[in-house]
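>>> fold the following.
(2 chains)
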Amino acid sequence: MNLEFSGTRALILGGSCDMALCLAELMIKAGFFPVLTYRSKKGQARISDVLKDFAGRYGTSFLDFSDRASLVQIFKEDAACPDFMVDFVQSDLECLIASVDPDDIYRYFNQNISFRAEVLRRVVRMMLVQKRGRLVYISSSAAVRPNPGQGFYCAAKLASEALYKNLGLELAGSGITTVTLRPGYIDGGRGREFIRKDPDASIGRVPIKRALTSKEVAETILFYLSESARGFNATEISLDGGLTAGK
Amino acid sequence: MEVLEVIKRLLADILDMEVKDILPEAYIVRELGAESIDLLEMAVSLNAAFNIEVNDADIFLLRLRDHVTEAAENKTDVVRYLAERLPFLKRDRIADIVSDLEGGPTLKVKDLVSYVEWRRVNG
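Numbers count the residues shown, from 1 in each chain, chains lettered A, B, ... in the order given. This next block holds a predicted model:
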């Protein structure tokens, strides 16, 4: 199937993770111009290294979810409006709820919910001018099936999903739609580390008996950005090999 | 093109109306039937058309009733209180708004003009 797209400009938040880099490569090959955000020099270097064969065919921009000034910079007045946005950003706070440092609670939710809401506000106001935009949020199967210690991660994911869902409800009539994907175990990034530590407790529970690859997830995202998937809006879709379907 | 004409065209486009039917004294919600999504589209359209930062709460008088309540609680003159929070509106217009609160949302087309003109001068 040949996928068709309404636009070529894509903003990828959290652009230095494995899935984002896979997606960027697919996008470039499909004729997109993705802009990948990073929050550290290490992330910036990783993007340059992985996409070294595609110099000039993508952009990068600093964006740190704990630094509101970086938000102003990336959405400065002359910034081109993205046709698509894919959001991979999520910082980690693995901790039992009863043992967390109270300051971390506020910091974590500010970064992962409040800041995200401000990013969304800015992006969709740009998209509203062109009356077109498609946003994909990368959540996690942990949003609905968390392990002990993932309470904050899960809460932030569900809150972020709610923001995306409501945007899809509120703005679909103006040409802006959203989809949330909930990947399960991924053989890449933090997921790979977790799987290696305890394969029985992770892959052992997945009906297809393997983790998904970053490339598989990236291909799925590209599909959900395409015109073929325009009927999906304001919804959450599991991409977990059946992990969350059973007990 | 003067500010009023641009605003009338934008409203006509968003509300699917004729430009000639949009008068400065028209109530945007009560008479023209604007809904919250229309106001949002108007905010981004004004931002794009005039290159100004638009604060939705200010321009659409979204906190008006809260401010009126605060003024009463603080035993402050309500017109003076509102004038400090909505500096783009002239005092006589604020007095009109206060006397008109019972009738529903008080926002008029001319209030958008006042906001844009004030923003263009004050940034």
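>>> residues touching the helix or strand containing A:Val119, excluding its own?
Assigned by DSSP states H and E, A:Val119 belongs to helix A:115-130. With contact meaning CB atoms under 8 Å, 6 or more residues apart in numbering or on different chains, helix A:115-130 is reached by A:11, A:13, A:63, A:65-66, A:68, A:71, A:75, A:79, A:81-83, A:85, A:87, A:89, A:133, A:135, A:160, A:163-164, A:167, A:171, A:174-176, B:40-41, B:43-45, B:47-48. For glycine as for every other residue, the C-beta is placed from the backbone atoms N, C-alpha and C.
>>> what angle sits between whichever helix or strand comes after that helix and helix A:115-130?
For helix A:115-130, the following helix or strand on the C-terminal side (DSSP H and E) is strand A:133-138. For strand A:133-138 against helix A:115-130, the angle by axes from the mean of the first three to the mean of the last three CA atoms, to 10 degrees is 160 degrees.
>>> tell me if strand A:133-138 is near chain B.
No: Strand A:133-138 lies out of reach of chain B by CB under 8 Å from any CB of the partner chain, never closer than 11.8 Å.
>>> taking the contacts of helix A:115-130 one by one, which sit in helices?
Mapping the contacts of helix A:115-130 onto helices (DSSP state H) picks out A:68, A:71, A:160, A:163-164, A:167, A:171, B:40-41, B:43-45, B:47-48.
>>> now do the contacts for B:Met42.
Taking CB under 8 Å, 6+ apart as the test, what B:Met42 contacts is B:10-11, B:14, B:34, B:112.
>>> what's the answer for B:Ile97, then?
B:61, B:64, B:82, B:89, B:106.
>>> next, count neighbours for the last one.
The reference is to B:Thr106. 22 (other CB atoms under 10 Å in any protein chain shown).
>>> what's the distance between the nearest residue to A:Met1 once chain neighbours are set aside and A:Glu25?
The shortest distance from A:Met1 to any residue other than its chain neighbours is 6.9 Å, reached at A:Ser228 (CB to CB, 6 or more residues apart in numbering or on different chains). A:Ser228 sits 20 Å away from A:Glu25, taking CB to CB, to the nearest Å as the criterion.
>>> ok, those two, which is more surrounded?
Using other CB under 10 Å, the more surrounded residue of A:Ser228 and A:Glu25 is A:Glu25, with 19 against 14.
>>> any idea of the angle the helix or strand that contains the more buried one forms with strand A:133-138?
Per DSSP H and E: A:Glu25 is located in helix A:18-29. In terms of direction (the same axes, to 10 degrees), helix A:18-29 departs from strand A:133-138 by 150 degrees.
>>> chain center to stretch A:31-45, what's the gap?
Computed by CA atoms, centre = their mean, to the nearest Å, the chain-centroid distance of stretch A:31-45 equals 13 Å.
>>> one more: stretch B:24-43?
With CA atoms, centre = their mean, you get 9 Å for stretch B:24-43.
>>> what residues of that stretch count as buried?
Buried residues in stretch B:24-43, counted by 16 or more other CB atoms under 10 Å in any protein chain shown: B:26-29, B:31-32, B:34, B:38-43.
>>> now swap in stretch B:67-76 and tell me
Residues of stretch B:67-76 classed as buried by neighbour count (16+ other CB under 10 Å): B:67-68, B:71.
>>> ditto for stretch A:179-195
A:179-188, A:191, A:194-195.
>>> which residues touch A:Gly7?
A:82-84, A:132.
>>> sticking with it, tell me its helix or strand.
Using DSSP H and E, A:Gly7 sits within no helix or strand.
>>> got a pLDDT number for it?
At A:Gly7, the pLDDT value in this model is 96.
>>> what about the strands in the chain?
Let's take chain A. Here chain A has its strands, by DSSP state E, at A:9-13, A:33-38, A:59-62, A:84-87, A:133-138, A:176-183, A:235-239.
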